[in-house]
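This is a predicted model, with the sequence first.
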2 protein chains.
Amino acid sequence: MIDQVLQLLHERRFAEIKKAALDMHYADIAEVFEQLQDDRESALLFFRLLPKETAAETFAYMEPDVQEFVIGFITDRELRFILDDMYLDDYVDLIEEMPANVVKRVLQNSSGENRQLINQYLQYPEDSAGSLMTNEYIYLKQTLTVQQALDMIRKIGIDKETINTCYLIDAQHRLDGVVGLRDLILAQPGALVADIMNPNVISVNTHEDQEEVAQMFSKYDMLAMPVVDNENRLVGIITIDDVIDVLQGAATEDMEKMAAITPSDKPYLKTSVWEMWKSRTPWLLLLMVSATFTGTIITHFESALTRAALVACIPMLMDTGGNAGSQSSVMVIRGLSLGDIEFRDIFRVLWKEIRVALMCGVALAVCNVAKLVLFDRFDLPTALVVCTTLMCTVFFAKVTGGALPMLAKRLGFDPAVMASPILTTIVDAASLLMYFEIATSVLKL
Amino acid sequence: MIDQVLQLLHERRFAEIKKAALDMHYADIAEVFEQLQDDRESALLFFRLLPKETAAETFAYMEPDVQEFVIGFITDRELRFILDDMYLDDYVDLIEEMPANVVKRVLQNSSGENRQLINQYLQYPEDSAGSLMTNEYIYLKQTLTVQQALDMIRKIGIDKETINTCYLIDAQHRLDGVVGLRDLILAQPGALVADIMNPNVISVNTHEDQEEVAQMFSKYDMLAMPVVDNENRLVGIITIDDVIDVLQGAATEDMEKMAAITPSDKPYLKTSVWEMWKSRTPWLLLLMVSATFTGTIITHFESALTRAALVACIPMLMDTGGNAGSQSSVMVIRGLSLGDIEFRDIFRVLWKEIRVALMCGVALAVCNVAKLVLFDRFDLPTALVVCTTLMCTVFFAKVTGGALPMLAKRLGFDPAVMASPILTTIVDAASLLMYFEIATSVLKL
């Protein structure tokens, strides 16, 4: 479909483009603009061929770089039309993502009311519920009947981001209850809203962390979450489409941290080489320097190096230790992210890891001793040294891998940075130390 | 709140428990049962104190092990009431999760109609759209007016999982359009549904992969997705609450694969030690055996081992190579999962990784040569050998880390298994080979 429109644009078949656009979802039209980023002229042409409302709706589905591209070629008048049509949460995102000169032009073309609201919304911390919410929700007075409530929704609902859930407030705008459009439709028209509303509203504070909010959506199967200030006054709602982005972003961020990358919310292909370099090199440097300390352990046991067989096992011990540790740490980190594990579970986690570690260690050691003696023709004492170290390494790696993320969480650090790379450095040093200690004492080197 | 109820149960203060339960969300009541798993008597007591409808609704929010626990102590009559109240998608999940003897009891207490539907739904592959859908949706004929449609929804809506979106079908049950409850409410009562419906319905086939479906929800900001069979007949819908679980599960699965663990959908604390052992040990064994081949490279270059300084740098080279590679592979794997990257982008990805690799490699090498010469008192030739290897390793690691997941995707494997552990093994072998080749030829060992 998208390729087809691009082809039509190329051939300048305007009537057919107009017709095709009518059948397309805004998200797909947004993708056409994405593909046209190298061809400003065609993009402008396509933009002008779209009905004004379609162009405005499409804008909210574009990636920030495409939005910037489009703002670059449209008139102030067209920009004003788009801005008037946007929901406040998308508006705030736009302001946050654009470079200063574009923000200036956007604000110049915003209504006074919107400028004021945006300033207020921009004050919430970046990862807070406040920065995710929108003010386009429906609130009703409890004294209404169902019929009156439905009439009210018909009158004011057109501009609201969702009308599936309506909020009941008192004179001070404090949140008293919630009622679904579904409940209103299914109730008797004469019933009082107060009687069918649910007074046990689940809400979050403006300063609540976004990931916590997302977990609550998932736990309570919600479609929209009311956001209140410190006096329990309703100030906005968060809709589920934004929550999905938060959850996806949080998982990506965890994975990046686990791989020793400074997280970024830009898609891979839109991240410049320079940005990638900045997000990766400091961590590599840090880990490289820590790994050189592991090297000093080796030089301390120079006598052991005379046995090539012992040196040959170093990669295997280091890799296995790193892998065993990252298995544990990744499972614990993900459990912490999903709320399956809390800090108070630390002893249950450790007890589990200890048992798994012992079982894994024994299995690996048995296979290893067999391989070393039968295939590699190691003498038994050397094979036993390697396998004892292997068991100790797996044990140390798994217990450390389980404990570090829990402790990080407790101390207020992000558990995800305690994953593979940092853990590997620690485990490597420990395993080499154990290896050479065991080797020198058993083999009398 | 949950602790409070547990306390009340402990003190057998029944009236207060009843009152507290009225104010609780079903998800929280489900958590009380989770906490009571060691105390069957109190759990039964609590179950009997809940209104029948509350008990039934709560059941759908329980984890499988808690559901099994509850089924274990309730009567057939109570079980039938719960089952009659469940939505079909939850029903199918229950059947899929329970052990055989419980399934038998559930099926014995199911209505004939439900048994038939479940058998049909169980035939869809586990990761398909079909296994995620529910049949409790609203479908309407296009010939209705808005008022007639709303009356219809009032009549049949009570049992439907969502009434926020309604589907328009023709005589063959083929999907013709979609209309939101919102549009019906905001439209004139006399208007025809056919005139306000959206005929460009986004739908998926029953055999579509669940992760693809989840990506579509996110792309098109949908709340429910219609599922059709090969003849475009509407057979069910997928609601967004299930999609969130799919997305979270997919991210967890990717992380587990990246850490060389066979994925499981059980939460950490509910996975037995034996299950953990089974999901971890085979991978550790496989990687351990591959790492021993790296060891054989070392024994081939025995002459180089006489220089302790060279051996001392092995951990640093191996770790840095592994880290550099996993940075690239994790970013590419995540990009592939999120749909940011497709196979056709392979050359853009490689070109990016090549440039980042060169820049990272140079930065690391410069820092390293300075450290080796100034602090560790290496002679310049040895330091240059180490740093040349470092640059080559980083380059090899990043390019391989970028390419492997793309190739895996192309060949139909899961890109996530190409992450850190397997990559590390390859990179380790390559880096040691380069290291000793460069060392022996430059230093004439």
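Ah, there it is. Numbering: from 1, shown residues only, chains lettered A, B, ... in the order given.

for stretch A:290-298, which positions count as buried?
Within stretch A:290-298, the residues scored as buried using 16 or more other C-beta atoms under 10 Å in any protein chain shown are A:S290, A:A291, A:T292, A:T294, A:G295, A:I297, A:I298. Glycine gets a C-beta too; all of them are placed from N, C-alpha and C.

give me the number of residues near the residue nearest to the first one when sequence neighbours are not counted?
By that I understand A:S290. Distances taken as C-beta to C-beta, 6 or more residues apart in numbering or on different chains put A:T425 closest to A:S290, at 4.5 Å, once the chain neighbours are dropped. Neighbourhood size, A:T425 [other C-beta atoms under 10 Å in any protein chain shown]: 23.

in the stretch 1-150 of chain A, which spans are helices?
Using DSSP state H, counting those that start in this stretch, the helices of the stretch 1-150 of chain A run over residues A:2-10, A:14-22, A:26-35, A:40-49, A:52-60, A:64-73, A:76-85, A:88-97, A:100-108, A:112-121, A:146-156.

a markdown table for the ones you listed, including distance to chain B, mean neighbour count and mean pLDDT?
Shown next, in a markdown table, are the helices of the stretch 1-150 of chain A (distance: least, C-beta to the nearest C-beta, whole Å; neighbours: other C-beta atoms under 10 Å in any protein chain shown; pLDDT from 0 to 100):
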| stretch | distance to chain B | mean neighbour count | mean pLDDT |
| --- | --- | --- | --- |
| helix A:2-10 | 12 | 16 | 87 |
| helix A:14-22 | 8 | 15 | 89 |
| helix A:26-35 | 5 | 21 | 92 |
| helix A:40-49 | 18 | 16 | 91 |
| helix A:52-60 | 9 | 19 | 91 |
| helix A:64-73 | 13 | 18 | 92 |
| helix A:76-85 | 15 | 16 | 90 |
| helix A:88-97 | 11 | 19 | 86 |
| helix A:100-108 | 22 | 13 | 89 |
| helix A:112-121 | 20 | 14 | 83 |
| helix A:146-156 | 6 | 17 | 89 |
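
B:N114 is nearest to which of those helices?
Nearest of these to B:N114, taken as C-beta to C-beta: helix A:146-156 at 32.6 Å.

Near A:V399, how many other residues are there?
There are 18 residues near A:V399, going by other C-beta under 10 Å.

ignore the last one, A:F375
9.

How about A:R344?
Counted with other C-beta under 10 Å, the neighbours of A:R344 add up to 9.

Tell me the confidence at it?
pLDDT for A:R344: 89.

Okay, A:G249 and chain B: tell me how far apart.
Distance of A:G249 to chain B, given as C-beta to the nearest C-beta, to the nearest Å: 10 Å.

my read: that residue touches A:K266, true?
No: in this structure, A:G249 is not within contact of A:K266 by C-beta atoms under 8 Å, at 10.9 Å.

hang on, the earlier thing: between the helices of the stretch 1-150 of chain A, which gets nearest to B:R105?
helix A:146-156 (41.6 Å).

Tell me which helix or strand comes right after the closest one.
On the C-terminal side of helix A:146-156, the closest following helix or strand by DSSP states H and E is strand A:165-169.

Given that following strand, what are its sheet partners and their directions?
strand A:138-141 (parallel), strand A:175-180 (antiparallel) (DSSP bridges).

most tightly surrounded among the ones you listed?
A comparison of these by mean neighbour count, using mean count of other C-beta atoms under 10 Å in any protein chain shown, puts strand A:175-180 on top with a mean of 20.

Need the residues that contact the helix or strand following it.
For strand A:175-180, the succeeding helix or strand toward the C-terminus, using DSSP H and E, is helix A:181-186. With C-beta atoms under 8 Å, 6 or more residues apart in numbering or on different chains as the contact definition, helix A:181-186 has outside contacts at A:146, A:149-150, A:153, A:163-166, A:193, A:196-197, B:150, B:153-154, B:157-158, B:163-164, B:181-182, B:185.

Quick one: mean pLDDT over helix A:181-186.
Helix A:181-186 shows a mean pLDDT of 87.

re the thing from before, distance to A:E16 added to the strands paired with strand A:165-169, as TSV?
Conversion of the strands paired with strand A:165-169 to TSV gives the following (distance: least, C-beta to C-beta, whole Å):
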stretch	distance to A:E16
strand A:138-141	40
strand A:175-180	43
